[in-house]
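J.: Sequence isn't available, so here's the structure alone:
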Ligand SMILES: Nc1nc2c(ncn2[C@@H]2O[C@H](COP(=O)(O)OP(=O)(O)OP(=O)(O)O)[C@@H](O)[C@H]2O)c(=O)[nH]1
Ligand SMILES: [Mg+2]
């Protein structure tokens, strides 16, 4: 699809540093946006940043900065008065997201741009402007008209990455809903302006009805998608129901922290590991390997990020259910990232929002192979309860596995299950869900001394008719 696979479209980042944001946080935000934009397949050639008490309602940055920005894109540098021209509209419509360039993206070093300045390579003009805030449709349109470039905000970038990375049917459907929700309000304003221009004073009604039609189509499509998702989720609910009292642990955390790498190491599965943001959008559940008796199921989940739009989080229901229903949450953090403490906060608050804050958890400070011995020592001191590890170190993974196994063992209780000869078909169920310590037979049936989770014991007792 891309015209020239060797040249990635050039993008410029735009950000306002609000009064309550420190220089360090501002730079970290921009570095993260740069990674997001890079994951999307653009090359960031410049950053325009400005300190302001609030976003300019017209075009995010002030007039002077807007001019500076437009020099980088080859635009007019101001918002022309009057309705947008046909050319403007065509440009605005053309999504600069055709390039399917999400393969082979290299890691971006975070050469954070300096606050309040712009850095640029004069060799080529940017065709995309990415704003590090959620902006209104009219701000987006004004920026588009002043710069002549495609304008995306942070949410738009994340939605597009999700769109590219979704693999399972459910993830694809969920992303389509998020995209439609994101596009719908923008359609309202972009379409409104154009229609008024075309129809003159009397044409407004006709224009709006065309718009209404679009909005109705979007609503219908969303309803259709929701139905399809509901059917898929019903199936998943059945599957989850079957796993209900199995021992479950979920890997949760910021995007790129190393959740999938740990999933691979713990379960021997071939889940996707990539140095991209939001590599994983589908939930995977696998048994801890080598297998334990009873089995422990490990789930890999979608990563979190700062300023992740709420409905986008909520849409990943199955991944969140995995976290909510786990008995143990492993909070994975990339300890080699200087901003990991802030990332951990995002993880904690997002999990809090979905009602998973009370679940037993363990902090895993990952990627310690990238740290010096003294950095590791300081971290161990700062986080005395955490496990410091590297997903790449088999000895560390074994330690983690031991921790998981012990966690579940400590919850198990000893009990007795009596299986009458008429219920021998349940024997495999018992062996799958319990650790059998001893067996005895009498004339009525089989007596098993087991170690199991209390919930499992009571369910099995019900099945065998002892309760
Ligand atoms: N050096 C080092 N790199 C690691 C470690 N763990 C993961 N990585 C690398 O970090 C990058 C991200 O790893 P993933 O396992 O895909 O991260 P994730 O948390 O699943 O990320 P998302 O699915 O995008 O949310 C990959 O390039 C991994 O190879 C580690 O312990 N040490
Ligand atoms: Mg992953």
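T.: That came in fine, so what should we check first? Remember, it's a predicted structure, so these values are computed and weren't measured experimentally. Ligands and ions are numbered 1, 2, ... in the order given.

J.: ok, residues contacting the helix or strand hosting residue 248?
T.: Assessed by DSSP states H and E, residue 248 sits inside strand 247-253. With contact meaning CB atoms under 8 Å, 6 or more residues apart in numbering, strand 247-253 is reached by 259-260, 262-263, 285, 288, 294-301, 303-304, 322-323, 325-333, 343-344, 347, 351, 356, 404, 407-408, 453. Every residue, glycine included, has its C-beta placed from N, CA and C.

J.: Determine the next helix or strand in the C-terminal direction from that strand.
T.: According to DSSP H and E, the helix or strand after strand 247-253 is helix 259-267.

J.: Put the buried members of the contacts of strand 247-253 into a ChimeraX selection.
T.: Typed into ChimeraX, the line below selects the buried ones among the contacts of strand 247-253, using 16 or more other CB atoms under 10 Å:
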select :259,260,262,263,285,288,294,295,296,297,298,299,300,301,303,304,322,323,326,327,328,329,330,331,332,333,343,344,347,351,356,404,407,408,453
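
J.: from the contacts of strand 247-253, which ones fall inside helices?
T.: Those of the contacts of strand 247-253 mapping onto helices are 259-260, 262-263, 322-323, 325, 343-344, 347, 351, 404, 407-408, per DSSP state H.

J.: can you give me phi and psi for the nearest residue to residue 454 once chain neighbours are set aside?
T.: Distance criterion CB to CB, 6 or more residues apart in numbering; nearest residue to residue 454, sequence neighbours excluded, is residue 413 at 5.5 Å. Main-chain dihedrals, residue 413, degrees, to the nearest 10: phi -120, psi 160.

J.: which residues does residue 413 bridge with?
T.: Beta-bridge partners recorded for residue 413 (DSSP bridges): residue 452.

J.: how many other residues sit next to it?
T.: If you count neighbours by other CB atoms under 10 Å, residue 413 ends up with 11.

J.: and whatever residue of the stretch 101-250 of the chain ends up closest to ligand 2, what does it touch?
T.: Per CB to the ion, residue 165 is where the stretch 101-250 of the chain lies closest to ligand 2, at 9.7 Å. By CB under 8 Å, 6+ apart, residue 165 lies in contact with 102, 276, 278-281.

J.: any idea how far residue 152 is from it?
T.: In this view, residue 165 and residue 152 are 17 Å apart by CB to CB, to the nearest Å.

J.: Phi first, then psi, for the most centrally placed residue in the chain.
T.: By CA atoms, centre = their mean, the mean C-alpha position of the chain lies nearest to residue 303, the distance being 3.9 Å. Note on residue 303: backbone dihedrals following degrees, to the nearest 10 are phi -80, psi 160.

J.: Identify the residues contacting it.
T.: 253-257, 259, 277-278, 280.

J.: now residue 177
T.: So residue 177 contacts 222, 225-226, 229, 315 (CB under 8 Å, 6+ apart).

J.: Out of the residues you listed, which are close to ligand 2?
T.: The subset of those lying close to ligand 2, counting by CB under 5 Å from the ion, is empty.

J.: ok, how many other residues are close to residue 158?
T.: Residue 158 has 24 nearby residues by other CB under 10 Å.

J.: That one reaches residue 306, doesn't it?
T.: No. Using CB atoms under 8 Å, residue 158 makes no contact with residue 306, being 10.3 Å away.

J.: isn't residue 180 right up against residue 220?
T.: No. Contact between residue 180 and residue 220 fails when scored by CB under 8 Å: they sit 10.3 Å apart.

J.: quick one, which of those two is more surrounded?
T.: Taking other CB under 10 Å, residue 180 and residue 220 do not tie; residue 180 has more neighbours (17 against 10).

J.: In which helix or strand does that one reside?
T.: For residue 180, the host element (DSSP H and E) is helix 169-199.

J.: can you check residue 36 too?
T.: Counting by DSSP H and E, residue 36 is part of helix 23-39.

J.: name the helices or strands packed onto that helix?
T.: Using 3 or more CB pairs under 8 Å, 6 or more residues apart in numbering; DSSP states H and E, the elements in contact with helix 23-39 are strand 10-17, strand 43-51, helix 154-165.

J.: That one and ligand 1, any residue contact?
T.: No. Helix 23-39 stays clear of ligand 1 (CB under 6 Å from any ligand atom), getting no nearer than 8.9 Å.

J.: That helix to strand 10-17, inter-axis angle?
T.: Taking axes from the mean of the first three to the mean of the last three CA atoms, to 10 degrees, one finds helix 23-39 and strand 10-17 inclined to each other by 160 degrees.

J.: in helix 23-39, what's buried?
T.: 26-39.

J.: same question, stretch 453-467
T.: Buried-residue list, stretch 453-467, by 16+ other CB under 10 Å: 453, 456-457, 459-460, 464.

J.: which other residues reach it?
T.: 245, 247, 294, 408, 411-413, 415, 417-420, 423, 426, 429-430, 433-434, 450, 452.

J.: so how far is it off the chain centroid?
T.: 38 Å (CA atoms, centre = their mean, to the nearest Å).

J.: quick revisit: now tabulate the ones in helices among the contacts of strand 247-253 in TSV and tack on pLDDT.
T.: Supplementary listing: the ones in helices among the contacts of strand 247-253 in TSV, determined by pLDDT from 0 to 100:
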residue	pLDDT
259	96
260	95
262	98
263	96
322	82
323	87
325	87
343	94
344	96
347	92
351	88
404	97
407	96
408	93
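
J.: Quick check: the two most widely separated of these?
T.: The two members of these with the most space between them (CB to CB) are 343 and 408, at 27.5 Å.

J.: any idea how far the nearest residue to residue 29 once chain neighbours are set aside is from residue 47?
T.: In this structure, residue 29 finds its nearest non-sequential neighbour in residue 132, 5.9 Å apart by CB to CB, 6+ apart. According to CB to CB, residue 132 and residue 47 sit 9 Å apart.

J.: Please apply the same query to residue 397.
T.: 39 Å.

J.: re earlier: ok, which of the contacts of residue 165 also contact ligand 2?
T.: 279-280.

J.: before we move on, back to that, tell me, which of the ones in helices among the contacts of strand 247-253 make contact with ligand 2?
T.: 259-260.
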